[in-house]
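*Asks:* model this:
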Amino acid sequence: MTKRIRQTRRPGAAAGRRPARRPRAEDLLVRLDALEERVGRIEAGKAAPGDGRAASAPRSPRVKRCPGCGLPLRRRAGRCAACGRPLDAR
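*Replies:* Predicted coordinates for the structure are as follows:
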């Protein structure tokens, strides 16, 4: 007696799956408009509508920053406390 080997589907063939339909022109135009709006919003640095997160706040030019690491300057023994870079005695 020989065992019967069960044949499987060929790889990549999904059971009961229909071929994908081509998107309609109207749907593509709607998606394109939404994408253009999103890109414009990202370039402007604004959060998405309904998103609770805000865009990053612009840096204040009045805050003195370390020339090495760019963080707000905290001095310790003539050096930046964050990166340790020596500071000028100006």
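*Asks:* Let's check: the centremost residue of the chain is which one?
*Replies:* The geometric centre of the chain, computed from its C-alpha atoms, lies nearest to Ile42 (C-alpha atoms, centre = their mean), at 10.1 Å.
*Asks:* how distant is the helix-or-strand element of the chain with minimal mean pLDDT from the center of its chain?
*Replies:* Sorting the helices and strands of the chain by mean pLDDT, DSSP states H and E puts strand 75-76 at the bottom, at a mean of 90. Strand 75-76 sits 35 Å away from the centroid of its parent chain (C-alpha atoms, centre = their mean, to the nearest Å).
*Asks:* ok so the residue nearest to the centre of the chain is a helix residue?
*Replies:* Yes. With DSSP: H, G, I helix; E, B strand; the rest coil as the criterion, Ile42 is part of a helix.
*Asks:* which residues does it contact?
*Replies:* Ile42 is in contact with no residue at all, counting by C-beta atoms under 8 Å, 6 or more residues apart in numbering. In short, each C-beta sits where N, CA and C put it, glycine included.
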